[in-house]
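> okay, here's the prediction I keep looking at, along with the sequence it came from:
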Amino acid sequence: MSWLTEPDEDWDQQEAAPPNRLKVALAVLAGWLTVSLIVLVGLLRFSDRDSLSEHPATPASTTTATAAATTPTSAGTTPSPAGTTSSSPTGAVPAGWARRADDDQANCTAHSYGQVQVFFARTPCSSVHRSLLTTEQHGRSIVVATSTVTFPSPSQATSYLRLVTSDGTGNVNDLLREGIRYPGSPSKLPVTAFASRQDGTRVLVAEAGFVDGRSDYRDPTLQATARKAVDAG
């Protein structure tokens, strides 16, 4: 080999070197970028965890609905919420008593029984308001069923009062008889003391009985309770 060709070969090797150095430099740069990206992602995740720990998410607000107890009702009956003590348009509730249910009807014949029902068929009432009340006397719970019947004339009210105060002639249906219930109520009206009075065209009737245990219509406590109910009306 001549001396003229040897320098050419050296020169070719020297020219081939730059591409190899460029590849190395690019590989180093790519590796540096990869490491930098990994570090950046790690920092961002760490920053997010710090932010969440300092500012915990507030739970979405919720609406709590309190369900009212549903009681079976007959057609046209609209009982008041259990335990309310506000007075109705037809009468006040004595202090310490609770109004458990009440309703208003225009057809007294459909909501009565016995001879009283026959009377209403011949002498229609203007309206009847019925209530279920409770009170407590001497540690015993008392249920009170009331009715206020209004007539077109005082004379008709007098005739009705004479009939309804006679034994075994029937009455206006109490709300328990028509399926109304309240928490702790009896399934039907117990033996009750009876009280009544006339106020113009209105006749007020109340029956009071002990919810639990023996109930006697001659009991002085029940008689006083029934009288207090009609006096309040």
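Structure's in. What do you need?
> only the buried residues of stretch 143-157, if you could.
By neighbour count, and taking 16 or more other Cβ atoms under 10 Å as the criterion, the buried residues in stretch 143-157 are 143-151, 156-157. (Each C-beta comes from the backbone N, C-alpha and C, glycine too.)
> which residues of this structure fall in helices?
For the chain, helices defined by DSSP state H occupy the ranges 5-54, 114-122, 154-164, 220-232.
> among those helices, show the one with the smallest mean pLDDT.
Across the helices of the chain, the stretch with the lowest average pLDDT is helix 5-54; it has a mean of 57.
> ok, back up a step: may I ask which two of the buried residues of stretch 143-157 are separated the most?
143 and 156 (29.4 Å; Cβ to Cβ).
> so residue 180 sits against residue 132, correct?
Yes. Proximity of residue 180 to residue 132 meets the contact threshold set by Cβ atoms under 8 Å, at 6.4 Å.
> so between those two, which is more surrounded?
Here residue 180 and residue 132 are compared on neighbour count by other Cβ atoms under 10 Å; more neighbours surround residue 132, at 25 against 22.
> I'd like to know how far residue 197 sits from residue 165.
Distance, residue 197 to residue 165, using Cβ to Cβ, to the nearest Å: 10 Å.
> burial count for residue 195?
Residues within reach of residue 195, counting by other Cβ under 10 Å, total 23.
> ok, and the closest non-adjacent residue to it?
Taking Cβ to Cβ, 6 or more residues apart in numbering, and ignoring the residues beside it in sequence, residue 195 has residue 226 as its nearest neighbour in space, at 3.8 Å.
> give the contact list for residue 119.
Contacts for residue 119 (Cβ atoms under 8 Å, 6 or more residues apart in numbering) come out as 159-160, 163.
> ranking these by neighbours, who comes first?
The member of these that has the most neighbours, counting by other Cβ under 10 Å, is residue 160 with 23 neighbours.
> just checking, it touches residue 149?
Yes. Under the criterion of Cβ under 8 Å, residue 160 is in contact with residue 149, at a separation of 6.4 Å.
> so for the two, which residues contact both of them?
When contacts are counted by Cβ under 8 Å, 6+ apart, residue 160 and residue 149 have 125, 203 as shared neighbours.
> ok so, going back, can you put the contacts of residue 119 in TSV and add distance to residue 210?
As requested, these are arranged in TSV below (distance: Cβ to Cβ, whole Å):
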residue	distance to residue 210
159	32
160	28
163	27
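> tell me the one among those nearest to residue 28.
With Cβ to Cβ as the yardstick, the closest approach to residue 28 among those comes from residue 160, at 111.2 Å.
> tell me the spacing between that closest one and residue 167.
Using Cβ to Cβ, which is the criterion applied here, residue 160 is 16 Å from residue 167.
> isn't residue 208 up against residue 140?
No. Taking contact to mean Cβ under 8 Å, the distance of 11.3 Å between residue 208 and residue 140 leaves them out of contact.
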